[in-house]
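Asks: Got a sequence here, can you model it:
(chains A and B)
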Amino acid sequence: MKNTYLILISIIIIVVSLGIGPYRIAPIDVIKCLIEPKNSVNTTIVWDIRLPRVLFAFFVGAGLSVAGSAYQAMFKNPLVSPDILGVSGGAAFGAALAILVFNHFYFVQIFAFVFGLIAVYMAYFLAKLKYDLPILNLVISGIIVGSFFSALLGIIKYLADPNNQLPQIVFWLMGSFANVSFSAWGAFVIIALCVLLLYLLRWQLNIVAFGDDEAKSLGLNITLLRKLIILLSSLITAASVAIVGIIGWVGLVIPHISRLLVGSDNKKVIPTSIFVGGIFMVLMDDLARSLISGEIPIGILTSLIGAPFFAWLYKTQKRL
Amino acid sequence: MIEAKQLNFSYSDSTILKDIAFSIKEASICTILGPNGSGKSTLIKVLDKLLKPQKGTVLIENQNIDKLSLRVVAKKIAYLPQETDISFSFSVFDVVLAGRAHNVGYLSQPSKQDLEIAQKAISLVGIDHLRDKIYTQLSGGQKRLVFIAQALAQQAKILLFDEPTNHLDFSNQYAILNLIKKLIKNNHLTAIITLHDPNLAAWFSDTIIMIKNGSILNYGPAKDTMTAQNLSELYDTNITVLKNNDRLFITLSEFV
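Replies: Residues are numbered from 1 along each chain as shown, chains lettered A, B, ... in the order given. Next comes the predicted model:
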């Protein structure tokens, strides 16, 4: 029942958001354009400019939130975000490298995606060098890999042309949905598939959250499941970051809000995260393109609103 | 029912278990006694396939557990760890339902039947009133009951308890063991338990395995093994065993 409401709210917010921006369109006109695309300015704006942007914002918000929820269960820690294994750090380096060398958005996306995954693989490989694979090893190797890539990013920034390339890198790191189009369909597909798989795995996340020995003795192949969760979450984050840059806080805060709404059972947390995360990101992007005449980088907004909200949550909730 | 053959286990440089061999028959309670660090918990984990012994085998119903998947092992053996720290506010029902994991496909959800089995397990342990409470807010004794219900929901024939009386008060220790004993006998199950209090072990167990430095010191029916001499050797202290109407009272000799 609750999910039906969330789906309904999502649809309403998406439709309204399609009208928001420098060129305003009333919701009723948006619906007309969606149902009956005509050769008009409204149709072009709704279909070609706003729809990919708003939909991708929803996908990214949903994806990062689900990845965050899955990681929080797997790491048995509600303070974990999808970045924990260094995916964003790797992606940031990849994007900056591509800006420095190729300066073409296509390469920026590919490099960000690939280096995001490389960073996670490195963290996983490093953790595996230990005899066993307790969760703590993963956290530590994530920190190691993350700071390594942040140093590499520093080198690129240092080498970049301060008049042209450096601002590009800085802007990319702050994130934006402004240039999203349906040509990035690959990212749409990757995020959708991975979210769907994590959605199907949602009850297993409860068992994973009990810890390794407990999950194993309950009959779970924890090694396989953990690999799967890391793979799916990393693909989601890497695909998001590759297209829109770094977006903080969503993957950390939305799982908390979802648990506040429906309790800790991941059977409910995961679907709630999908919709709450999607709605949150669409609203943030609405603000990004309507608060001032220009665009506000989305990463700034999510942190600017996410951080105080988390502080409030931290203060009012006894247990996070 | 469950049989250990020449089990040897070591972490990279230190040997934990040496040539452990025993066999426990169906519908009985076996207690593992031993000083701290003697290898009790490790042995329990080896029996549940959580740790792989370097040498030796564990047989359940004459099947080598090394050849069985974790899922199949979970259908046969339930393991209750000393402590389970859960970071999320799962309800008691959610925790008990986790016992059905071996019956739920990775991409699917617990069936109606799984929910019923979990509910039955809750009733069997007598914690219906806790069903919707948050697990992390329960007392130590209540938490223990929840995990006993989870083990029952698992519907395994063999239950492994690692110090079920840990952190429980004087009367709760007895209450928990009494409940375990009742459940074991009524449902024709087999239990292997580690305990620290030889008094509880003597009252509670059919057989006793005494472990010291990773080797079996003594192994047999409780009434034969629980002697002052064996216990003194096990704990490296002078221990006196008093007898009153067939009940044993075990204490340090200096207290007598």
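Asks: Contact partners for the one residue in the stretch 1-150 of chain A that gets nearest to chain B?
Replies: Closest residue of the stretch 1-150 of chain A to chain B, C-beta to the nearest C-beta: residue A:76 (4.8 Å). (Each C-beta comes from the backbone N, C-alpha and C, glycine too.) When contacts are counted by C-beta atoms under 8 Å, 6 or more residues apart in numbering or on different chains, residue A:76 touches A:135, A:209, A:211, B:85, B:86, B:87.
Asks: how near is the fourth one to residue A:207?
Replies: Residue B:85 sits 15 Å away from residue A:207, going by C-beta to C-beta, to the nearest Å.
Asks: now residue A:175
Replies: Distance from residue A:175 to residue A:207, counting by C-beta to C-beta: 34 Å.
Asks: same deal with residue B:1?
Replies: Per C-beta to C-beta, residue B:1 is found 27 Å from residue A:207.
Asks: just to revisit the earlier point, which of the contacts of residue A:76 are buried? Put it as a PyMOL command.
Replies: Selecting only the buried entries of these in PyMOL, with 16 or more other C-beta atoms under 10 Å in any protein chain shown as the criterion:
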select buried, (chain A and resi 135+209+211) or (chain B and resi 86+87)
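Asks: re earlier: now the residue of the stretch 1-150 of chain A closest to chain B, what's its secondary structure?
Replies: coil (DSSP: H, G, I helix; E, B strand; the rest coil).
Asks: How about chain A: which residue is closest to chain B?
Replies: With C-beta to the nearest C-beta, the shortest gap between chain A and chain B falls at residue A:219, namely 3.0 Å.
Asks: Spell out which parts of the stretch 1-150 of chain B neighbour chain A.
Replies: Selection of the stretch 1-150 of chain B residues close to chain A by C-beta under 8 Å from any C-beta of the partner chain yields B:12, B:45, B:48-50, B:69-75, B:77-79, B:81, B:84-91, B:94, B:98-99, B:101-102, B:104, B:106-110, B:136.
Asks: I'd like to know which of the residues you listed are buried.
Replies: Buried among the residues of the stretch 1-150 of chain B next to chain A (16+ other C-beta under 10 Å): B:45, B:48-50, B:70, B:72-75, B:77-79, B:81, B:84, B:86-91, B:94, B:98-99, B:101-102, B:104, B:110.
Asks: In strands, which of those residues appear?
Replies: Judged by DSSP state E, strands contain the following of these: B:77, B:78, B:79.
Asks: Am I right that the first one is in contact with residue B:151?
Replies: No - using C-beta atoms under 8 Å, residue B:77 is not in contact with residue B:151; the gap is 9.5 Å.
Asks: between the two, what contacts are shared?
Replies: Residues touching both residue B:77 and residue B:151 (C-beta under 8 Å, 6+ apart) are residue B:159.
Asks: Is residue 161 in a helix, a strand, or coil?
Replies: Just going to use chain A. Relying on three-state DSSP, one would call residue A:161 coil.
Asks: actually chain B
Replies: With three-state DSSP as the criterion, residue B:161 reads strand.
Asks: which residue packs closest to it, ignoring adjacent ones?
Replies: Spatial nearest neighbour of residue B:161, excluding adjacent residues (C-beta to C-beta, 6 or more residues apart in numbering or on different chains): residue B:193 at 4.4 Å.
Asks: Go ahead and confirm that neighbour touches residue B:158.
Replies: No - look at residue B:193 against residue B:158 with C-beta under 8 Å: they stay out of range, at 11.4 Å.
Asks: before we move on, back to that, sitting in helices, which of the residues of the stretch 1-150 of chain B next to chain A do you find?
Replies: The helices, defined by DSSP state H, take in B:45, B:70, B:71, B:72, B:73, B:74, B:75, B:94 from the residues of the stretch 1-150 of chain B next to chain A.
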